[in-house]
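J.: with the input below, show me the fold.
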Amino acid sequence: MPQVRIFSTSDSLVELTSLFHRAYARLGDMGLNYTAVDQSAEVTARRIRGGTCYVATLANTLVGTIVVQPTYFENDCEYFTLPGVAAAHQFAVDPDRQGLGIGRMLLAQAESWAAENGFRELAMDTAEPATHLIGLYARLGYREVGGVQWPGKVYRSVVLSKCLQPDA
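T.: Purely as a prediction, here's the structure:
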């Protein structure tokens, strides 16, 4: 059974980066230049530094990850600056372990973190052509709330968000 925990300083950034490369290879093969397709370990360190990085492990091997954090003061996507909205990114599950519920466990952990820290929504984005991911997120309660064209990307992204607090 996979375990979810916070990424530790004793964990390997190289191993985590390799996980991103494996998990994002299919998206890269689709011609989508996600940063995680080929980011360096230094970029991985920078991208996880701003939030809480959770990892899923199975038999002491990293098999998934997600970063959750407060939204930004400034961002190219206005939705990621809204008060009460947390952001999830750097989300990956090893392709050999997909379909085992690891991604759902990681998203649930990110949602719990956001709710426990007073956020009413958790938002993320993914490429418009990644319809398989958009469909997965929709089945998990995420709704499309906007779009963004990130600098340097060959695709437009869909911004998705999930309400974490029941309507009052």
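J.: partner residues bridging Val85?
T.: Taking DSSP bridges as the rule, Val85 bridges to Glu121.
J.: which helices and strands does the helix ranked longest in the chain pack with?
T.: For the chain, the helix with the greatest residue count under DSSP state H is helix 13-29. Helices and strands touching helix 13-29, by 3 or more CB pairs under 8 Å, 6 or more residues apart in numbering; DSSP states H and E, are helix 41-49, strand 61-70, strand 85-93. Every C-beta, even on glycine, is put in place using the N, C-alpha and C of the backbone.
J.: what strands line up against the second one, and which way round?
T.: Here strand 61-70 is paired, per DSSP bridges, with strand 52-58 (antiparallel), strand 85-93 (antiparallel).
J.: same list (those strands) but as TSV, adding mean pLDDT, distance to Ile134 and mean neighbour count.
T.: Formatted as TSV, the strands paired with strand 61-70 follow (pLDDT from 0 to 100; distance: least, CB to CB, whole Å; neighbours: other CB atoms under 10 Å):
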stretch	mean pLDDT	distance to Ile134	mean neighbour count
strand 52-58	96	22	21
strand 85-93	95	13	24
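J.: can you put those in TSV and add distance to Gln165?
T.: Formatted as TSV, these follow (distance: least, CB to CB, whole Å):
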stretch	distance to Gln165
strand 52-58	19
strand 85-93	12
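J.: hang on, the earlier thing: list the buried residues for the longest helix of the chain?
T.: The neighbour-count check on helix 13-29 (16 or more other CB atoms under 10 Å) flags Leu13, Leu16, Thr17, Leu19, Phe20, Ala23, Tyr24, Leu27 as buried.
J.: closest one to Gly99 among the helices and strands packed on helix 13-29?
T.: Nearest to Gly99, of all those, is strand 85-93, at 9.0 Å by CB to CB.
J.: then that closest one to PDB, C-alphas only?
T.: Included here for strand 85-93 are C-alpha records, laid out as PDB according to Å, rounded to 0.1, in the frame of the first residue of the first chain:
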ATOM      1  CA  VAL A  85      -7.400  29.700  -3.400                       C
ATOM      2  CA  ALA A  86      -4.400  27.300  -2.900                       C
ATOM      3  CA  ALA A  87      -2.500  26.000  -5.900                       C
ATOM      4  CA  ALA A  88      -1.300  22.500  -6.700                       C
ATOM      5  CA  HIS A  89       1.500  21.800  -9.200                       C
ATOM      6  CA  GLN A  90       4.400  19.400  -9.900                       C
ATOM      7  CA  PHE A  91       1.900  16.600  -9.800                       C
ATOM      8  CA  ALA A  92       3.200  13.300 -11.000                       C
ATOM      9  CA  VAL A  93       2.600   9.500 -10.700                       C
END
